[in-house]
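J.: how does the following fold in three dimensions:
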Amino acid sequence: MLTVKELVKHYPLKAGRFSTSEEKIHALNGVSFTLGKKQTLGIVGESGCGKSTLAKTILGIQTQDSGSIILDPPDTKMQYIFQDPYLSLDPKMQVKEIITEPMRAAGMITKREIAAEAAKLLEMVGLPKDWGTKYPHEFSGGQRQRICIGRAISSRPGIVICDEPVSSLDVSIQSQILNLLLELQEKLEISYIFIAHNIAVVLYMSDIVSVMYAGYIVESATPQELYANPLHPYTKLLLSVVPEIGKNKRIFEQKITGEVPDLIHMEPGCPFYSRCPVHKDICKTAVPQLKSGENADHSCACWLYQ
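T.: From the prediction side, this is the model:
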């Protein structure tokens, strides 16, 4: 349904009103992936790695500097679930207006149909159908996120981008929201791009997981393969901090030192070089390409495997 090829996005650095600096922040540096029907692509990485820029560029909120974004079919609708359910709902609008807004914008319903369609959507996301006349301040964080999910699916999109949809919710509520997303995917045949910094959540939700670092995808595999056989040192680092009851994780014993890369003055080599405890000489001078090895479904951008 979606093919992204060599996507590049750099933000001009503006030091002041009269600045003539041509320096840029390298947010995306040649990102490529594909997304199939009813498939979930998980994008995981720490803050600042380019996850949200990738989402906004795919949606067209940002314009890429180069690369291509191809939808199949071309008229595939895309919608967005925001991270913060408090800031993403208009406090002056009733829930029935919020949840049906994409449908009204697309000309799918009339004003007379708003109440009936809102009732259907509220039931689909696990809320009472007669709550359409309430306002956002009357709901908890988990309930607000259910409203946001209902709004996202209302216009029957083919792809929904979930940008950290549970990171601001209580742990006790997170699993309910994740399972709701899975149920809706099965029922409506939606494809997801699921973005998070919590690799455990991404492994649970995804069919394919792509690990991002400093604007690059450094590893991509099925969640089972990625968990059992992580290759890239950064992926091993992410997995090493996932807590497991009764288990002592020893997946990454080397000490991590160094600083995160400067996204304005990018060095010529691997972006993880300064923090990697197992780097080689070539890592400092050349960026490794994302390539698969014996397992065609497992690709890694690391000179240790190329």
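J.: remind me, longest helix of this protein?
T.: Scanning the chain for the helix with the most residues, using DSSP state H, yields helix 171-188.
J.: quick one: buried residues of that one?
T.: Neighbour-count burial for helix 171-188 flags 173-174, 176-178, 180-181, 184-185 (criterion: 16 or more other CB atoms under 10 Å). In short, each C-beta sits where N, CA and C put it, glycine included.
J.: pLDDT wise, what is F252 at?
T.: Looking at F252, its pLDDT is 54.
J.: repeat that for K249.
T.: What the model reports as pLDDT for K249 is 56.
J.: ok, S68 next?
T.: For S68, the model assigns a pLDDT of 96.
J.: could you do the one 10 residues further on as well?
T.: M78 carries a pLDDT score of 96 in this model.
J.: who are the neighbours in contact with the closest residue to it other than its chain neighbours?
T.: Leaving out its chain neighbours, the residue that sits closest to M78 by CB to CB, 6 or more residues apart in numbering is I159, at 4.6 Å. By CB atoms under 8 Å, 6 or more residues apart in numbering, the contact set of I159 is 1-2, 35, 71, 76-79, 190-193.
J.: ok, back up a step: list just the nearest of the buried residues of helix 171-188 to C148.
T.: I177 (9.8 Å; CB to CB).
J.: would you map the helices across the stretch 51-200 of the chain?
T.: With DSSP state H, counting those that start in this stretch as the criterion, the stretch 51-200 of the chain has helices at 51-59, 95-99, 101-105, 114-124, 141-153, 171-188, 199-205.
J.: out of those helices, the one nearest I217 is which?
T.: Proximity to I217 (CB to CB) singles out helix 51-59 among the helices of the stretch 51-200 of the chain, at 9.4 Å.
J.: tell me the mean pLDDT over the closest one?
T.: Averaging pLDDT along helix 51-59 yields 94.
J.: so how far is I43 from E259?
T.: Between E259 and I43 the computed distance is 23 Å (CB to CB, to the nearest Å).
J.: an error on my part: the question was meant for S220.
T.: On the measure of CB to CB, S220 and I43 end up 10 Å apart.
J.: okay, and the common contacts of those two?
T.: Common contacts of S220 and I43 (CB under 8 Å, 6+ apart): S210.
J.: with neighbour numbers in mind, choose between these two.
T.: The neighbour comparison of S220 against I43 (other CB atoms under 10 Å) goes to I43, with 29 against 26.
J.: give the contact list for that one.
T.: Applying CB under 8 Å, 6+ apart to I43 gives the contacts 51, 54, 193-196, 202, 210, 212.
J.: TSV for the residues you listed, including neighbour count and distance to E117?
T.: Listed next are these as TSV, based on neighbours: other CB atoms under 10 Å; distance: CB to CB, whole Å:
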residue	neighbour count	distance to E117
K51	24	32
L54	29	32
I193	27	26
F194	26	26
I195	24	28
A196	24	30
V202	24	32
S210	25	35
M212	23	37
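J.: name the nearest residue to K120, ignoring sequence neighbours.
T.: Excluding its sequence neighbours, the residue lying closest to K120 (CB to CB, 6+ apart) is K129, at 7.4 Å.
J.: now the phi/psi pair for that neighbour, please.
T.: phi -70, psi -20 (degrees, to the nearest 10).
J.: and it, how many neighbours?
T.: 14.
J.: over to V4?
T.: 22.
J.: wasn't it part of a strand?
T.: Yes - applying DSSP: H, G, I helix; E, B strand; the rest coil, one finds V4 inside a strand.
J.: that one contacts L28, correct?
T.: No - the criterion here is CB atoms under 8 Å, and V4 misses it with L28 at 9.8 Å.
J.: on that earlier part again, just put the contacts of I159 in JSON lines and tack on distance to V287.
T.: Shown next, in JSON lines, are the contacts of I159 (distance: CB to CB, whole Å):
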{"residue": "M1", "distance to V287": "29"}
{"residue": "L2", "distance to V287": "25"}
{"residue": "L35", "distance to V287": "24"}
{"residue": "L71", "distance to V287": "28"}
{"residue": "T76", "distance to V287": "32"}
{"residue": "K77", "distance to V287": "35"}
{"residue": "M78", "distance to V287": "30"}
{"residue": "Q79", "distance to V287": "34"}
{"residue": "I190", "distance to V287": "34"}
{"residue": "S191", "distance to V287": "29"}
{"residue": "Y192", "distance to V287": "29"}
{"residue": "I193", "distance to V287": "24"}
